[in-house]
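Engineer: attaching a predicted model along with its sequence, questions to come.
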Amino acid sequence: MRRDFVAAAGSTIEVVNLSGRVEVNARENSQAEADSVAQATLSAEAGRIIADSEIKFTNVAGRTRIEVVPSGSSKRIDIAISVPERVNLKIKTGEGEVRISGNIESADVTTGTGTIAVDVPTESIKYQLTWNMSRPRFLSDFELEKVKEKSGGRFELKGTYSPPVEENSVKEPLPLGEAADELVASDEPKGKKKKTPKSRVDGSSVALNFTTDRGIVLLNVPPNEVSSDLRERPLTEAAKAIIRSGDSILMDAIRRASPKYFGDYTRTLPPMRREPVLGTRTETAESNGNLKRASVRVTDKYNRSIPGLKAEDFEVAENGVEREIVKVDTTTAPFNLVLLLDVSGSVDNYVDFIRKAARNFVNTVGRNDRVSIVLFNDDVKVLSKFTSDKGKLSESLDTFDAGGATAYYDALAYTLADTLRPLRGDRTAIVILTDGDDNRSFLSFDGLTGAIEESGALIYPLYVPSALIAASANDGGEVDPLRARYMTLTSKAEGEGAKLASVSGGIYYPITRISEIQKAYDDIVVQLRTGYAITYRSDSAQANGGRVSLRTKVRVKRENLFTSVGPVSRVQ
């Protein structure tokens, strides 16, 4: 359902939707809207047809009231509203989430357990956040006052915020959170007064009044970047390594999750030297007639590698100019493989299973492949650095025990930012053995995507339901397929496993029978070995003193096949 209504700056919009979520976007006013009566738009979605009587409108003297009244108790109706800037909002939901973005004048929001997430200008903010029936859970991208406990088990967070205005200086953002006033030590001499921030109320001041029973409040923090655990806690070794890596997106996620400890740790580090990041693969060629070799991987739409291709199946071009292919060989270069093992409490009683599964992987890979084994529970531990010595790898697997929480996302980010970082540009892959569920990470799943794409590592998640491992251990062997169908992964883990593989170019293996693990290992080795080294003649005209910058593209002359070009080197 879609409906238009009138709402100008300064007017009030009241929304009551106890059966679903509410999203409000305050768009920037056009000149036409500024000169006339502004229009607003409501859209509603539900699993069944929405009747006109289920959304009631009342508009009196600049105040619009929208009430959602579903025809059945099980019917959920979500609404989204686009409004002009500087309106006043009054919203009430039950379990439904509330999202507000844009330059509003005020927002008065009440929820039961629904998350309240806003993204508003920070020039001048007045806020009052109240939790009626739980300890406060919140994240903010700007500094807040301390939480105060009130009578009757209520908690309140109240104050104002304006960013400091200092001439001829640029300040880093302050660490954030419940105890922000304890986080940043002042470098000013004792006795010197601090500058008082100047409030800026140039039409962008915002008043926020949020009341929730048990909900989460997010202030200028994307909900999809919020970790599974909002309690502030000391940094793990994985979190510290991620901070040292310099990845700004991952660092910001940890800063928001644990501002005090983030601030304490970063002050112990030397000034960071960021590495340059290249957005396009280029190489420099010398004079005419050079032979070049490109490492190429060919996949179908399911990311499965395609074997058996010949020279006549490829086309190579440099800067749009087609090149002569001399020969095509199967790639035999070794891989750098990380085996990432879940040893959390969810598999506490099945250490023997983990050891056996890990040894089977080590025995499956090629003799020249270098393997590193990284364990994770509530933190990470490098069990073995990169080596091709299978004996040492096998021996290292006798040195660990299982137990603890599951910081899966942090462990994956650690592997990308620390273990594989020195090998950027080499052939790298991560094989993960886990049940896919996370309950302890500082990071969220969505925050990993950029780091995965930048790393170039192929990811092969093997997700094994912990109940399947338990049943196999108790029965001493394979689980009957009829029983195994009830020992499944969570839908969240299923979706994330498939996305990990898709983003990286790897393959996702949901395990439903124990015997499928070895089949997955065998298939991974086949996938890693199914690549091509294409030798071609580079006939570029000389430029810039005999050197030209070349962009290489490789195409397969078959439908629904895709290529990814790795390192390109000159053949001596």
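Structural biologist: Yep, that arrived. What you see is a predicted model; the values in this text were computed from it and never measured. Residues are numbered from 1 along each chain as shown.
Engineer: okay, CA-based contacts and neighbour counts for the rest of this
Structural biologist: Will do.
Engineer: can you name the next helix or strand after the lowest-mean-pLDDT helix or strand in the chain?
Structural biologist: In the chain, no helix or strand scores lower on mean pLDDT, DSSP states H and E than strand 283-285, which sits at a mean of 44. As assigned by DSSP states H and E, the chain's next helix or strand after strand 283-285 is strand 290-299.
Engineer: tell me the mean pLDDT over that next one?
Structural biologist: Mean pLDDT, strand 290-299: 85.
Engineer: now stretch 356-366
Structural biologist: For stretch 356-366, mean pLDDT is 94.
Engineer: output it as CSV, restricted to C-alpha atoms.
Structural biologist: Taking Å, rounded to 0.1, in the frame of the first residue of the first chain, the C-alpha atoms of stretch 356-366 are listed here in CSV:
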residue,chain,number,x,y,z
LYS,A,356,40.6,-36.2,13.3
ALA,A,357,38.8,-33.8,10.9
ALA,A,358,41.8,-31.4,10.9
ARG,A,359,44.3,-34.2,10.3
ASN,A,360,42.3,-35.5,7.4
PHE,A,361,42.5,-32.0,5.8
VAL,A,362,46.2,-31.8,6.4
ASN,A,363,46.6,-35.2,4.7
THR,A,364,44.5,-34.2,1.8
VAL,A,365,46.3,-31.0,0.7
GLY,A,366,49.3,-31.1,-1.7
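Engineer: now do it: distance to the chain's middle.
Structural biologist: Its chain's C-alpha centre and that of stretch 356-366 lie 30 Å apart, by C-alpha atoms, centre = their mean, to the nearest Å.
Engineer: please apply the same query to stretch 506-519.
Structural biologist: A distance of 24 Å separates the centroid of the chain from that of stretch 506-519, by C-alpha atoms, centre = their mean.
Engineer: which stretches of the stretch 301-450 of the chain form strands?
Structural biologist: Assigned by DSSP state E, counting those that start in this stretch, the stretch 301-450 of the chain shows strands spanning 314-318, 321-330, 336-342, 370-376, 380-387, 428-434.
Engineer: what angle sits between the longest one and strand 290-299?
Structural biologist: The one in question is strand 321-330. Here strand 321-330 runs at an angle of 70 degrees relative to strand 290-299 (axes from the mean of the first three to the mean of the last three C-alpha atoms, to 10 degrees).
Engineer: same question, the fourth one
Structural biologist: In this structure, strand 370-376 runs at an angle of 40 degrees to strand 290-299, with the same axes, to 10 degrees as the basis.
Engineer: now do strand 370-376: which elements does it pack against?
Structural biologist: Contact here means 3 or more C-alpha pairs under 8 Å, 6 or more residues apart in numbering; DSSP states H and E; on that basis strand 370-376 packs against strand 336-342, strand 380-387.
Engineer: now swap in the longest one and tell me
Structural biologist: Contacts defined by 3+ C-alpha pairs under 8 Å, 6+ apart place strand 321-330 against strand 314-318, strand 532-538.
Engineer: can you point out the buried residues in stretch 399-410?
Structural biologist: 402-410 (16 or more other C-alpha atoms under 10 Å).
Engineer: ditto for stretch 133-145
Structural biologist: Judged by neighbour count (16+ other C-alpha under 10 Å), stretch 133-145 contains these buried residues: 133, 135-145.
Engineer: ends of it, what's the gap?
Structural biologist: Stretch 133-145 has an end-to-end distance of 20 Å (C-alpha to C-alpha, to the nearest Å).
Engineer: please compute how far that stretch lies from its chain's middle.
Structural biologist: 21 Å.
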